[in-house]
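J.: Next comes the sequence, and after it the predicted model I'd like to discuss.
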Amino acid sequence: MAVDVQDESPTTGAGGVVVLGAARTAPERDLIADWAARHHPGAPVCLSADDLDRVLADAPPDTRVVPVRVTWLPPTRAVEWADGTGAPPERSKPSDLLALFGHRRPPALWQRRLARRAPERVQVVAGEPATLDDLARRHDDEAREEALSAFVHRAGVLSCERAERAVIGDHYTVPRLVVEQILASTAIREKVRALAEREGRPFDEVLDEMRGRLADLAAVQNPLSIDAFRTALSPMHASAWDVEVDTETIEPLRELNRTSPLVFLPTHRSYADPLVLAEVLRDHDLPRNTVLGGNNMAFWPIGPLGKRAGIVFIRRTSGDDPVYRLALREYIAHLVTKRFNLEWYVEGGRSRTGKLRRPSMGLLSYLAGALDDGRAADAQLVPTSIVYDRLYELDAMAAEQGGQDKSAEGLGWMARYIRGQARNRGHARVRFGEPFSLADALAEAGDGPHRLDKVAFSICDGINRATPATPTALVTFALLGTGGRALTHEQIRVSTAPLLDHLDALGRPGPREGLHDGGLSRTLERLVSGEVVERYTGGDEPVWSVRDGRHRVAAFYRNGAIHHFVNRAVAELGLLAASRAPAGTDPVEVAWNDALALRDLLKFEFFFPPKRRFSDEITAEADLMDPAWRERDPGDLLRETRFLVAPRALRSFVDAQWVVATRLAGLGRDDEVDRKAFPGECLGLGRQMLRQGRVVRPDSVSTELYAAALDLADNRGLLDAGAEDVAARREAFRDEIDEVRGRLGELARLEDRLTEELLA
């Protein structure tokens, strides 16, 4: 009748084995009884808590408890399992959901008919058995406040869940009974008791609140819901991009996942990031991640379906709710302890500028806490890059940088997003960075207040190194550096060639093939159809330039690759500083000190390595310009170099800093700075300066860039209203930035001359 997953050879006699069955209907009870009679004849079958209590009371310690459940397979999965392919369907269709309906819990009236007519759809699954003595020891160690029968029942359910994965595959990992497991732990109850004492509240009240918070957080991975989720949300991404994956980086992940949970930490540029990554993992037979995302996306239908498809919707801020923070911390610890793969977006939100944002530390601190407490031995962190050469949502993000309010997510928003994605055709590139051990990273970071900052830097550095420079990024990099001039096809090709050569010299991932053999024409066509670039055909040959009002969008694409050129830009500015040094000073020392000052000035915009590695990288950049740079005049070296990148790479960020610094310098000593309102206040000044030509890049007028500059000012203590010397320090800050702007202007004039020679 049913195909069995046997636990071992049949055992005679009632004393050696207890069959712990999980059955919801009479047909399931009959199936389990039939299985027990064939595999463990004479063994008692416990189908209720009373049965289990009665048997455990008299059972000897060496009694083996064999958990059993009935698994019902959907038609598609049953066919795959029966023909031995084990391959998932390419993509679920709405019609598939009708066939899948009820397969996890078919109505009792269907079950007998299914078992009779389609026996391949019925599996009696046996979990790993355990002796009663072993279960009792585990109970005393882990959950001594819970009844033994409840602990044994939960352990049996979890054992069957693990065995069921052999039937339904690794695409579906199902954390069950999460709330019960966490709250049964003696150690967790002690934490709840300590919190109740600190808050001056009754233990039972805080425990009930903890149970409610965990229930709100806990997600499962129900196969039917996963298929429904994929089908319902596929219009948000399926037709918008052709997804390219660096397959060489996947096999190591599969190997690591056999012994350790993986924590995927991707870039966040689109609402569709989790959907794209989930399909990549599925296509390459990696388990589905438990995704930690913001509760702004928990509206219908994403919320109800997503929670059953492994998405944990968390609050953006936990405010003054210590019970919620404890619940979230213990839930994450539970997941990593049980070796479920996790995924969250370390930036905390989508990048509005295209480059990696500063990391949000909350979830990382909870994960590190699980290792510090001894709850988990380790987790492998996987820096993950997802980049797009065309994004529908960029218009909205560019408008937000210009001061427009963010649209609230909801069903109407989702309908508009899907309509927009139907017109969006491009490429998405997924690339995994080198994974590394969290335990090793924490040990290397040592103790101290910046311990997690060092781990976060390793994550972000790994993401940047994995992120390829796309054709779109390099073309917009070239077009944004022309001062508004339009370029011919050949001039764009010639302008991007030195950038490609530089990426090759650094060993960074780049799109050399993507800009040859018609690739440049295709890239320009995508930018034109996306209304980022304008093509003018009224003369003797076509020319291209960035459209009016689209500089923020173009900068978003450029910034996806900008991190590959920041060190080069710092080296150029350092050499220019050395060329201005008084006679008798060491130009190498001047250049190095300037590089350190720039590293500090730009530390809230880019991720710089520790000083020793930073020194090596800056030296390598200078060596690429000329291996004999130490013996040469720095000014001559800059004038004779093949290309310059500092004005194009850094001017927008430094201009934004200057606007913030100018605004701060104009405040009175006792004027308070409203952190939330200040970036918006800078928009007016930035727009004025752009009209006056005092700032030169329209994409520098951005609340996102102003917020980063304000973080830098705060780091330097410049927001401390009332401080005696704050006015003088604010003016010095403005002047420091203005001096860098002056050098960028000088390099821009030199770049114009080099560009003219290059294009000629």
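T.: Yep, it's here.

J.: so how far is the host helix or strand of residue 412 from its chain's centroid?
T.: Element membership of residue 412 [criterion: DSSP states H and E] is helix 411-422. Distance of helix 411-422 from the chain centroid (Cα atoms, centre = their mean, to the nearest Å) equals 23 Å.

J.: Next, the buried residues of that helix.
T.: 414, 417-418, 420-421 (16 or more other Cβ atoms under 10 Å). Backbone N, C-alpha and C define where each C-beta goes, glycine included.

J.: which intervals of the stretch 51-200 of the chain have sub-threshold pLDDT?
T.: 74-105, 168-176 (pLDDT under 70).

J.: in it, which spans are strands?
T.: 64-72, 122-126, 130-131 (DSSP state E, counting those that start in this stretch).

J.: right, so of those, which gets closest to residue 456?
T.: Smallest distance to residue 456 across these (Cβ to Cβ): 40.3 Å, for strand 130-131.

J.: what does the closest one rub up against?
T.: Defining contact as Cβ atoms under 8 Å, 6 or more residues apart in numbering, one finds that strand 130-131 is touched by 61-65, 155, 159.

J.: For the residue lying closest to residue 143 once chain neighbours are set aside, give me its contacts.
T.: With sequence-adjacent residues excluded and distances taken as Cβ to Cβ, 6 or more residues apart in numbering, residue 143 is closest to residue 184, at 3.8 Å. Residue 184 makes contacts with 142-143, 145-146, 150-151, 154, as judged by Cβ under 8 Å, 6+ apart.

J.: so which two of these are the farthest from each other?
T.: Spatial extent of those (Cβ to Cβ) is set by the pair 145 and 154 at 13.7 Å.

J.: Out of these two, name the residue with the larger neighbour count.
T.: Between residue 145 and residue 154, counting by other Cβ atoms under 10 Å, residue 154 is the more crowded of the two (17 against 10).

J.: domains in this protein, as residue ranges please.
T.: 3-169, 237-321+336-466, 471-563, 565-641, 647-759 (automatic domain parsing).

J.: Present these as CSV; the columns should include distance to residue 203.
T.: Shown next, in CSV, are the domains of the chain (distance: least, Cβ to Cβ, whole Å):
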stretch, distance to residue 203
domain 3-169, 11
domain 237-321+336-466, 18
domain 471-563, 50
domain 565-641, 44
domain 647-759, 38
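
J.: For the protein, which residues score under the pLDDT cut-off?
T.: 1-15, 74-105, 168-176, 758-760.

J.: One more pass at 80, please.
T.: For the chain, the stretches with pLDDT under 80 are 1-15, 73-107, 162, 165-177, 222-224, 318-319, 483, 512-514, 516-517, 755-760.

J.: just so I have it, where are all the helices in the stretch 451-600 of the chain?
T.: Using DSSP state H, counting those that start in this stretch, the helices of the stretch 451-600 of the chain run over residues 451-466, 471-479, 489-506, 519-529, 551-559, 566-579, 587-601.

J.: Including mean neighbour count and distance to residue 711, could these go into JSON lines?
T.: Listed next are those as JSON lines, based on neighbours: other Cβ atoms under 10 Å; distance: least, Cβ to Cβ, whole Å:
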{"stretch": "helix 451-466", "mean neighbour count": "20", "distance to residue 711": "14"}
{"stretch": "helix 471-479", "mean neighbour count": "28", "distance to residue 711": "25"}
{"stretch": "helix 489-506", "mean neighbour count": "18", "distance to residue 711": "28"}
{"stretch": "helix 519-529", "mean neighbour count": "18", "distance to residue 711": "32"}
{"stretch": "helix 551-559", "mean neighbour count": "26", "distance to residue 711": "18"}
{"stretch": "helix 566-579", "mean neighbour count": "25", "distance to residue 711": "18"}
{"stretch": "helix 587-601", "mean neighbour count": "19", "distance to residue 711": "12"}
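
J.: which one of those lies closest to residue 752?
T.: helix 489-506 (12.4 Å).

J.: could you dump the helices of the stretch 451-600 of the chain to a markdown table with distance to residue 236?
T.: Formatted as a markdown table, the helices of the stretch 451-600 of the chain follow (distance: least, Cβ to Cβ, whole Å):
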| stretch | distance to residue 236 |
| --- | --- |
| helix 451-466 | 23 |
| helix 471-479 | 21 |
| helix 489-506 | 32 |
| helix 519-529 | 20 |
| helix 551-559 | 20 |
| helix 566-579 | 33 |
| helix 587-601 | 39 |
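
J.: Looking at those helices, which is nearest to residue 700?
T.: The nearest among those, by Cβ to Cβ, is helix 551-559 at 8.7 Å.

J.: about what we covered before: for residue 193, find the nearest of the domains of the chain.
T.: domain 3-169 (10.7 Å).

J.: Could you list the buried residues of stretch 19-31?
T.: By neighbour count with 16+ other Cβ under 10 Å, stretch 19-31 contains the buried residues 19-23, 25, 27-28, 30-31.

J.: which residues are in contact with it?
T.: So stretch 19-31 is contacted by 1-2, 32-33, 36, 40, 43-47, 52, 65-70, 105, 108, 111-112, 115, 122, 124, 152-153, 156-157, 160 (Cβ under 8 Å, 6+ apart).

J.: For PyMOL, what selects the buried ones among these?
T.: Of those, the buried ones go into a single PyMOL selection, burial set by 16+ other Cβ under 10 Å:
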select buried, resi 2+32+33+36+40+43+44+45+46+47+52+65+66+67+68+69+70+111+115+122+124+152+153+156+157+160
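
J.: Return the subset of the contacts of stretch 19-31 lying in helices.
T.: Judged by DSSP state H, helices contain the following of the contacts of stretch 19-31: 32-33, 36, 52, 108, 111-112, 115, 152-153, 156-157, 160.

J.: closest to residue 357 among the residues you listed?
T.: residue 157 (40.8 Å).

J.: and the closest one, what does it touch?
T.: 22, 67, 69, 176-177.

J.: can you do 10 Å?
T.: Taking Cβ atoms under 10 Å, 6 or more residues apart in numbering, we find residue 157 in contact with 20, 22, 67, 69, 127, 176-177, 180-181.

J.: Kindly report the same for residue 757.
T.: Residue 757 sits next to residue 642 when contact means Cβ under 10 Å, 6+ apart.

J.: Likewise for residue 443?
T.: By Cβ under 10 Å, 6+ apart, the contact list for residue 443 reads 371, 437.

J.: distance of it from residue 455?
T.: To residue 455, residue 443 is 10 Å away according to Cβ to Cβ, to the nearest Å.

J.: for residue 439, same thing?
T.: 11 Å.

J.: gap between the biggest helix by length in the chain and the chain center?
T.: Counting residues, the longest helix found in the chain (DSSP H) is helix 726-759. With Cα atoms, centre = their mean as the basis, helix 726-759 stands 35 Å off its chain's centre.

J.: angle of that helix against helix 566-579?
T.: 100 degrees (axes from the mean of the first three to the mean of the last three Cα atoms, to 10 degrees).

J.: buried stuff in helix 726-759?
T.: Result for helix 726-759 [16+ other Cβ under 10 Å]: buried residues 726-727, 729-730, 733-734, 736-737, 740-741, 743-744, 746-748, 750-752, 754-755.
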